[in-house]
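*Asks:* can't give you the sequence, but here's the structure:
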C-alpha cells in the first residue's frame with residue numbers, strides 16, 4: 001500500500017486516500033462505529049452490496065465523459081480488483097462490483113493516476129453532475145454546457161458545505177430546450193438560454209429547483225427563466241448551504257430537498273437562500289468557456305476501409321444509431337448497451353478505436369449507453385463494422401427496445417424484484433414480435449427494482465417497479481405497472497400513474513397487451529396523447545386479469561433470472577441513508593473538522609475554514625444532545641435544542657446563545673479577519689463542550 005503515497009501528483013487526493021486507509025484500519029479495529037464508517041465510505045464511492053463481504057465501487061465521471069486513457073485505466077482496475085464487468089448507471093457513472101473493502105484505497109489510487117475519482121459518488125453529498133451527452137454537438141443548443149457542468153463538478157468536489165448533508169443532492173445540465181438532461185426531476189437543473197442585454201448576447205440558464213423521483217416524485221419549480229451564467233455557482237452554493245442546515249436528518253424518506261421546499265414553502269426557502277448570500281465566498285463566478293471552446297478541435301482521422309459489404313444491417317443501424325452533429329461533415333455514433341453492462345475486453349478495443357478515429361473520448365448517457373462523438377461521416381460504416389466485431393453493434397439506440405433498468409436484486413440491498421431479468425425478457429419480446437419499434441424513439445420503457453426509482457421508472461411512458469404481492473399464503477415477485485410519464489421539454493415533465501400490480505412473470509404479456517392496444521386504437525396519436533384520451537381506468541381494465549392473484553401458477557413463484565422460489569430479502573439501504581452517531585464518534589469528528597478548519601486557515605481558504613469550524617460545532621452540539629437522549633432532525637434543530645437544553649438551563653455558559661455564535665457564519669462575509677475570529681471562537685466553544693462531556697462521564 002506504500003506505492004500510491006509517492007506516485008500521486010495531487011497531495012490533496014493522496015491525503016484523502018491515506019485517510020481512507022486509516023479509517024478502514026480503525027473500523028476493523030473496532031474504533032469507529034459501524035454506522036459512522038458507512039457514512040464515511042459512501043462519501044468515497046464505496047457501497048455495500050447485497051452479497052456480504054464485498055463492495056460496489058461507483059466511479060464518478062462528470063457529465064459522462066471518459067477519455068481513452070481513462071477508460072483503459074478503469075479497465076485495468078476492474079480486471080485487477082473486480083470482475084471485468086462495467087455497469088453504466090443512469091447518472092453517467094460506471095459501477096464495478098465484488099470489490100474487497102481492504103483494497104479500495106489502492107483501487108482509488110490507481111484510478112487517480114488518470115484523474116478518475118470515486119469521491120462523493122455515493123453518500124449524502126453532491127452526486128455526479130450530469131449533462132446531455134450531446135452537449136457541444138447538438139444542433140439546437142444555444143451554447144455548449146460542458147464547461148459549465150465541469151466547473152460545477154469541480155467547485156463542489158470536496159467542498160466542506162456538501163460532505164454530510166441529510167441526503168444526496170443531484171444537479172443536471174441540458175444541452176437545449178429538449179431538456180434531455182431531465183432538469184425537472186433534479187434538485188437543481190439548468191437549461192441553457194441566451195438573452196440580449198444592452199445589445200449584447202448574454203449566456204445564462206433557466207433554473208429548475210427541487211425536483212426528485214423516489215416513492216413521492218416531485219416536479220421541480222422554476223426558480224428563474226434566466227440566471228446569468230456567472231451566478232449559477234453562487235446560487236447553487238447558497239441552495240446547498242440552506243439544504244445542509246435545514247434539511248431533515250432523522251427520517252431518511254423525508255430528507256431530500258424536495259421535502260424541505262414543500263415543508264417551508266418555495267418563497268420561504270428562497271428567502272433563506274437570499275440571506276445566505278452574504279456568507280458566500282463568491283458573489284460572481286465567471287466560467288471560462290472560451291478557453292474550453294478553443295481546445296475543442298475536430299480530429300483528423302486516417303482513412304479506413306470496410307472489409308465487406310454491410311448491406312441492410314448497416315442501413316438499419318444508421319436509422320437509429322447515427323446522429324448528425326452541428327459540425328459539418330461529422331456524426332456521432334450511438335452505442336446501445338443492453339442493461340448498461342459491457343466488459344473490459346470490449347472497452348479496451350473501444351478506447352483504441354475512438355483514440356485513432358474520433359476524438360479520443362466517449363460520453364456515457366442517462367439511458368445507460370454511450371455516444372462516440374466527432375466521427376467523420378465517411379467513417380460511419382467503418383465504426384459499425386468495428387463495433388460489431390466487439391459485440392457493440394446492436395441497432396435501436398434510444399428506442400423502445402433500449403430499456404433502462406437499475407441493478408435491482410442482482411447486487412442492490414434494496415432490490416425487491418429483479419429489474420434486469422424482466423428488462424431482458426421485454427427486450428426479447430420487442431426484438432422478436434415488434435421489430436418496428438426498433439426505430440421508435442417516442443416510447444420509453446424504464447424499470448426499477450424498488451420504489452427508489454434508480455431506473456427512473458416513474459418518468460417513463462411505460463414503467464415497471466419491482467414489488468412483492470401475496471398469492472394465497474405465498475409471497476411472489478411482482479411488478480407495479482406505471483403509465484403516462486414523460487419529458488415534455490424546457491423543464492416540463494410528467495410522472496406516470498400507477499395502474500396495476502401484476503406477478504413479475506406476466507410482465508411480457510402486459511407489454512404485449514399495451515403495444516397491441518396502442519397499435520390498434522391510437523390512430524396515429526403519440527402514446528401520451530392516447531393515454532390521456534383513454535385514461536388510467538381504461539388501462540387498468542386492460543391489464544386487470546394479469547393482476548389476479550388467484551390464477552398464479554408455480555412459475556410465478558420464481559423471479560426472472562432465478563431458479564429458486566422467491567423470498568423477500570431487502571437489506572439495509574445505503575442510498576445516502578441517515579444514521580445516528582455515537583457521542584464519542586461525533587466528538588472525535590468535531591475535532592477532526594476543527595483540524596480541517598485550521599488547515600484551510602493556514603492555506604488562505606477562508607470560506608472553507610469557516611464552514612469546517614461551523615460543522616465541527618454542530619457535531620459537538622449534536623454529541624451532547626445525543627448524550628441526553630435528545631433526538632434532532634436538522635442542523636437548525638440541533639442549534640435550537642442545544643440552546644434550550646444547555647444554554648437556557650445554565651448548564652453551559654458561552655457568553656451568549658449557541659445560535660448567536662454559530663449563525664455568525666451567514667451574517668459576515670468570508671474575509672480573512674472573520675475566518676480567524678470565527679475559528680478562535682469555535683475552538684473555545686468546542687473546548688467548553690468537550691470539558692462538559694468529560695465532567696459528565698467522570699461523574
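*Replies:* That came in fine, so what should we check first? In this text the structure is predicted, and so the values were computed from the model without any measurement.
*Asks:* Quick check, residue 115 in contact with residue 70.
*Replies:* Yes - applying CB atoms under 8 Å as the test, residue 115 and residue 70 come out as touching, 7.1 Å apart. Backbone N, C-alpha and C define where each C-beta goes, glycine included.
*Asks:* Show me which of these two is the more surrounded one.
*Replies:* residue 70 (22 against 13; other CB atoms under 10 Å).
*Asks:* same for the helix ranked longest in the chain, what does it pack against?
*Replies:* Using DSSP state H, we find that the single longest helix of the chain is helix 672-698. On a contact count with 3 or more CB pairs under 8 Å, 6 or more residues apart in numbering; DSSP states H and E, helix 672-698 meets helix 583-602, helix 606-627, helix 658-662.
*Asks:* Same question for it: list its buried residues.
*Replies:* By 16 or more other CB atoms under 10 Å, the buried positions in helix 672-698 come out as 674-675, 678-679, 681-683, 685-686, 689-690, 692-693.
*Asks:* what angle do it and helix 583-602 make?
*Replies:* Angle, helix 672-698 to helix 583-602, by axes from the mean of the first three to the mean of the last three CA atoms, to 10 degrees: 160 degrees.
*Asks:* Same list (the buried residues of helix 672-698) but as CSV, adding distance to residue 606 and pLDDT.
*Replies:* Listed next are the buried residues of helix 672-698 as CSV, based on distance: CB to CB, whole Å; pLDDT from 0 to 100:
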residue, distance to residue 606, pLDDT
674, 7, 97
675, 4, 97
678, 9, 97
679, 10, 97
681, 15, 97
682, 14, 96
683, 16, 96
685, 19, 96
686, 19, 95
689, 24, 94
690, 25, 91
692, 29, 92
693, 29, 87
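*Asks:* mind putting those residues in JSON lines, distance to residue 294 included?
*Replies:* Formatted as JSON lines, these follow (distance: CB to CB, whole Å):
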{"residue": "674", "distance to residue 294": "38"}
{"residue": "675", "distance to residue 294": "36"}
{"residue": "678", "distance to residue 294": "41"}
{"residue": "679", "distance to residue 294": "41"}
{"residue": "681", "distance to residue 294": "47"}
{"residue": "682", "distance to residue 294": "44"}
{"residue": "683", "distance to residue 294": "47"}
{"residue": "685", "distance to residue 294": "50"}
{"residue": "686", "distance to residue 294": "48"}
{"residue": "689", "distance to residue 294": "53"}
{"residue": "690", "distance to residue 294": "53"}
{"residue": "692", "distance to residue 294": "58"}
{"residue": "693", "distance to residue 294": "57"}
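*Asks:* and of those, the nearest to residue 320?
*Replies:* Top of the list for closeness to residue 320, among the buried residues of helix 672-698 and by CB to CB, is residue 675 at 55.4 Å.
*Asks:* Name the nearest of the buried residues of helix 672-698 relative to residue 133.
*Replies:* Among these, and counting by CB to CB, the member closest to residue 133 is residue 675, at 40.6 Å.
*Asks:* For the closest one, which non-adjacent residue is spatially closest?
*Replies:* Spatial nearest neighbour of residue 675, chain neighbours left out: residue 606 (3.9 Å); criterion: CB to CB, 6 or more residues apart in numbering.
*Asks:* check contacts around that neighbour.
*Replies:* 281, 600, 670, 671, 672, 674, 675 (CB atoms under 8 Å, 6 or more residues apart in numbering).
*Asks:* And these, which is closest to residue 8?
*Replies:* Of those, the one sitting nearest to residue 8 (CB to CB) turns out to be residue 600, at 20.7 Å.
*Asks:* Confirm for me that that closest one is in contact with residue 609.
*Replies:* Yes - Residue 600 lies in contact with residue 609 (CB under 8 Å); the separation is 3.8 Å.
*Asks:* what about residue 368, neighbour count?
*Replies:* The burial count for residue 368: 24, using other CB under 10 Å.
*Asks:* how far away is it from residue 85?
*Replies:* Using CB to CB, to the nearest Å, residue 368 is found at 13 Å from residue 85.
*Asks:* likewise residue 680?
*Replies:* 52 Å.
*Asks:* what does residue 193 give?
*Replies:* Residue 193 is 40 Å from residue 85, where distance means CB to CB.
*Asks:* Of those two, give the one with the bigger neighbour count.
*Replies:* Taking other CB under 10 Å, residue 193 and residue 85 do not tie; residue 193 has more neighbours (22 against 14).
*Asks:* Flag the shaky bits of the stretch 351-500 of the chain, pLDDT-wise.
*Replies:* Confidence mapping of the stretch 351-500 of the chain against pLDDT under 70 gives the ranges 410-411, 413.
*Asks:* now the helices for it?
*Replies:* 380-389, 419-433 (DSSP state H, counting those that start in this stretch).
*Asks:* Buried residues, the longest one. List them.
*Replies:* Meaning helix 419-433. 419, 420, 421, 422, 423, 424, 425, 426, 427, 429, 430.
*Asks:* ditto for the first one
*Replies:* Neighbour-count burial for helix 380-389, counted by 16+ other CB under 10 Å, picks out 380, 381, 382, 383, 384, 385, 386, 387.
*Asks:* And the pLDDT at the residue nearest to residue 59 when sequence neighbours are not counted?
*Replies:* Excluding the flanking residues, the one nearest residue 59 by CB to CB, 6+ apart is residue 94, at 4.4 Å. The model reports residue 94 with a pLDDT of 97.
*Asks:* What of residue 350?
*Replies:* pLDDT, residue 350: 98.
*Asks:* Look up how far residue 16 lies from it.
*Replies:* 30 Å.
*Asks:* These two: which is more packed in?
*Replies:* Under the neighbour definition other CB under 10 Å, residue 350 and residue 16 were set side by side, and residue 350 has more, 23 against 19.
*Asks:* So that one: helix, strand or coil?
*Replies:* Three-state assignment for residue 350 (DSSP: H, G, I helix; E, B strand; the rest coil): helix.
*Asks:* gap between stretch 612-622 and the chain center?
*Replies:* 27 Å (CA atoms, centre = their mean, to the nearest Å).
*Asks:* Quick one: residues in contact with that stretch.
*Replies:* 160, 163-164, 581, 586-587, 589-594, 596-597, 600, 632, 635, 638-639, 642, 658, 661-662, 665, 678-679, 682-683, 685-686, 689-690.
*Asks:* can you check stretch 252-268 too?
*Replies:* 166-169, 187, 209-212, 214-216, 218, 221, 239, 243, 246-249, 269, 272, 576-578.
*Asks:* Generate the PyMOL command that creates a selection of the buried members of those residues.
*Replies:* Burial among the contacts of stretch 252-268 is assessed by 16+ other CB under 10 Å; the matching PyMOL selection reads:
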select buried, resi 166+167+168+169+187+209+210+211+212+214+218+221+239+243+246+247+248+249+269+272+576+577+578
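*Asks:* Which members of the contacts of stretch 252-268 occur in strands, if any?
*Replies:* Within the contacts of stretch 252-268, residues falling in strands by DSSP state E are 209, 221.
*Asks:* Go through the contacts of stretch 252-268 and flag which are in helices.
*Replies:* Among these, the members falling in helices (DSSP H) are 239, 243, 246, 269, 272.
*Asks:* for the closest residue to residue 83 other than its chain neighbours, helix, strand, or coil?
*Replies:* In this structure, residue 83 finds its nearest non-sequential neighbour in residue 98, 5.5 Å apart by CB to CB, 6+ apart. The three-state assignment at residue 98 reads strand, by three-state DSSP.
*Asks:* contacting residues around residue 98?
*Replies:* Contacts of residue 98 by CB under 8 Å, 6+ apart are 49, 51, 54, 82, 83.
*Asks:* Now do the buried residues in stretch 43-52.
*Replies:* Those buried within stretch 43-52 under the rule 16+ other CB under 10 Å are 43, 44, 45, 46, 47, 48, 49, 50.
*Asks:* And stretch 339-349, how far out from the chain middle?
*Replies:* Offset of stretch 339-349 from its chain centre (CA atoms, centre = their mean): 21 Å.
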